[in-house]
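Participant: Predicted structure and sequence below. I'll ask about it afterward.
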Amino acid sequence: RLGARARDEVPVCTCDCCSVTQRRPDEFVNDVQVKCAPSEGHSGDLCGAECRLAPNDLVLSAMVPDQVSDYLRFCFYECKPAEGPESPPETQCLALEGPDLQYAVDGNGNAVDPARAY
């Protein structure tokens, strides 16, 4: 666990650090074949291995008590391909918001695969 000072030095999570990539066949849900994952096209200063969740995070806060997540988990659970399930690889991801959030967590508050929203 990180102390408060170290946690504050971790950049805030953003879907700008994520891009669309193909899912492995065992990851297909509702025939959705793409997901968001950390983009390789950004600097490590802005988009490192870890990021700090926003204080009002509704998706991962139950799973990440110290509010610091790895970007792989953040991109997968908190972002969606900008053009939906037909998004081409290496395109932008957007933050889940509004109606998408109702599909992002289960009844116990645990994050679930956002492909359920399609």
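Facilitator: Cool, the structure landed. Since the model is a prediction, treat every value here as computed from it, not as a measurement.

Participant: quick one: the most centrally placed residue in the chain from residue 107, how far?
Facilitator: The C-alpha lying nearest the average C-alpha coordinate of the chain belongs to residue 75 (Cα atoms, centre = their mean; 2.4 Å). From residue 75 across to residue 107, the span is 24 Å (Cβ to Cβ, to the nearest Å). Heads up, the C-betas are built off the backbone N, CA and C, glycines and all.

Participant: Also residue 18?
Facilitator: 26 Å.

Participant: When the two are compared, which one has more neighbours?
Facilitator: residue 18 (28 against 5; other Cβ atoms under 10 Å).

Participant: immediately after the helix or strand of the chain with the lowest mean pLDDT, which helix or strand?
Facilitator: The weakest-scoring helix or strand in the chain, judged by mean pLDDT, DSSP states H and E, is helix 4-9 (a mean of 63). Counting by DSSP states H and E, the next helix or strand C-terminal to helix 4-9 is strand 18-22.
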